[in-house]
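In: let's see this in three dimensions:
(one chain, ligands or ions: 1)
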Amino acid sequence: MHRPTVVSTVSELRQAVAAAHAAGKRVGLVPTMGALHEGHLSLVRASQAQCALTVVTIYVNPSQFGPGEDYDRYPRTLQADLDALDTCGGESLVFVPRNEEVYPPGYATWVEVGEVAEPWEGQCRPGHFRGVATIVLKLFNMAGADVAYFGQKDYQQVQVIRRMVEDLNVPIEVRICPTVREPDGLAMSSRNAYLGPESRRQALLLWNSLCLADELVRQGCRDASIIREKMRERIESVPDARIDYIALADPDTLRPVDQISGRTLAALAVRIGNTRLIDNRLLELPEKNVARKTQT
Ligand code: PAF
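Out: The predicted structure follows:
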């Protein structure tokens, strides 16, 4: 087992990354807010497979939480996180900055991303993506890594980060890795820790309704409003579930689609009691439709 080195200042982080680069090593970055689960560890492993040094950042970023959201109660489990990182093998460095290191007194610069940040999470959590884009750009600049790894569960977040990287010419490659699920399909999330046994059972609704959307497309349904309606009915069959949004959209632009005519993103956010969960699935047209489409 490799005990990861833990640093808390930007200068220590930069020194370690500079040394790795000087030794010709490729450096991967896995930004997290801690409370690590198998989803995070899969990103660490993806980085370790491609990079000689992996920097994992653990920082619960206050600027991406709105008033009344769960910043204060967000799980903080540093020791368990370090133990979990131990099990990954490979060389890693963990950056755990304090708030003053990230947002020193007088801090006044923010990153606002346009269109892809506007719907869904952007609408339900005003200011959220401003906080995410700002901290992610800062982490990119602090670490100077070559490639960064994010999970598909936060699909819109990854699109926001990709847009920012392209628009601001940030010299980093962004990789998206598959969502890791519990055996019954629930997407792994640090917020699953909030779920009691009954809510945990109800939380499966998110994945079930995404599977329903996939099944409807496979059966030939192409009308996005019908698919959304069936998903809504499925979710509303549970009295404790409240829908924030259900969207069927172009996977690149996140613009809504009326007809399913190619690869389509189904995304949703649902509150189960006090816990807000998100999930998504890429819906693929059955092979024969794709073949027919390319022939015409
Ligand atoms: O996905 C997360 O955990 C966070 O939004 C991130 C990317 C680490 C920024 O704080």
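In: pLDDT below threshold where in the stretch 51-200 of the chain?
Out: Within the stretch 51-200 of the chain, no stretch has pLDDT under 70.
In: show me what residue of it gets nearest to the ligand.
Out: When distances are taken as C-beta to the nearest ligand atom, the stretch 51-200 of the chain approaches the ligand most closely through N61, which lies 4.0 Å from it. In this view, the C-beta of every residue, glycine as well, is placed from N, C-alpha and C.
In: hmm, L137 and that residue touching each other?
Out: No: the pair N61 / L137 is not scored as a contact, 11.8 Å apart, by C-beta atoms under 8 Å.
In: contacting residues around the residue of the stretch 51-200 of the chain closest to the ligand?
Out: M33, V102, G131, V132, I135 (C-beta atoms under 8 Å, 6 or more residues apart in numbering).
In: what's the span of stretch 188-208 from first residue to last?
Out: 15 Å (C-alpha to C-alpha, to the nearest Å).
In: show me the contact partners of it.
Out: With C-beta under 8 Å, 6+ apart as the test, stretch 188-208 has contacts from 33-39, 70, 73-75, 153, 179-182, 184-187, 234-235, 238, 240-241, 268, 270, 272-279.
In: at 6 Å instead, please
Out: Counting by C-beta atoms under 6 Å, 6 or more residues apart in numbering, the neighbours of stretch 188-208 from elsewhere in the structure are 35, 37-39, 75, 180, 184-186, 235, 238, 240-241, 270, 272-273, 275, 277, 279.
In: can you give me the neighbour number for E229?
Out: The burial count assigned to E229 is 12, neighbours taken as other C-beta atoms under 10 Å.
In: residues of the stretch 151-296 of the chain that sit close to the ligand?
Out: The stretch 151-296 of the chain has residues D154, Q157 near the ligand, with proximity defined as C-beta under 6 Å from any ligand atom.
In: what about the helices in the stretch 151-296 of the chain?
Out: Remark: helices assigned in the stretch 151-296 of the chain by DSSP state H, counting those that start in this stretch are 155-167, 197-202, 204-218, 224-236, 287-295.
In: go through these and name the closest to D83.
Out: Between D83 and those, the shortest gap by C-beta to C-beta is with helix 197-202, which sits at 23.6 Å.
In: in the closest one, what's buried?
Out: S199, R200, Q202 (16 or more other C-beta atoms under 10 Å).
In: out of these, the closest to Q259 would be?
Out: The closest of these to Q259 turns out to be Q202 (C-beta to C-beta; 31.4 Å).
In: any idea how far A224 is from V60?
Out: Counting by C-beta to C-beta, to the nearest Å, the separation of V60 from A224 is 36 Å.
In: quick one: which of the two has more around it?
Out: Ranked by neighbour count (other C-beta under 10 Å), V60 and A224 place A224 first, with 21 against 18.
In: tell me the contacts of the nearest residue to that one once chain neighbours are set aside?
Out: Closest residue to A224 in three dimensions, ignoring its sequence neighbours and counting by C-beta to C-beta, 6 or more residues apart in numbering: L248, at 4.2 Å. Residues near L248 by C-beta under 6 Å, 6+ apart: A224, V257, T264, A266.
In: hmm, 7 Å instead?
Out: Applying C-beta atoms under 7 Å, 6 or more residues apart in numbering, one finds that L248 lies in contact with A224, I227, R228, P256, V257, T264, A266.
In: just the buried ones from these, in PyMOL syntax?
Out: Under the burial definition 16+ other C-beta under 10 Å, those of the contacts of L248 that qualify are selected in PyMOL by:
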select buried, resi 224+227+228+257+264+266
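In: need the contacts of L248 in a markdown table with distance to V147 and pLDDT, can you?
Out: Output for the contacts of L248, formatted as a markdown table (distance: C-beta to C-beta, whole Å; pLDDT from 0 to 100):
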| residue | distance to V147 | pLDDT |
| --- | --- | --- |
| A224 | 34 | 98 |
| I227 | 35 | 98 |
| R228 | 35 | 98 |
| P256 | 31 | 98 |
| V257 | 31 | 98 |
| T264 | 28 | 98 |
| A266 | 28 | 99 |
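In: how about CSV for the contacts of L248, with distance to L216 added?
Out: Formatted as CSV, the contacts of L248 follow (distance: C-beta to C-beta, whole Å):
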residue, distance to L216
A224, 10
I227, 5
R228, 10
P256, 17
V257, 14
T264, 11
A266, 10
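In: what's the closest of the contacts of L248 to L93?
Out: Within the contacts of L248, distances to L93 taken as C-beta to C-beta reach their minimum at A266, with 36.8 Å.
In: was I right to think the closest one contacts L210?
Out: Yes: judged on C-beta atoms under 7 Å, A266 makes contact with L210 at a distance of 5.5 Å.
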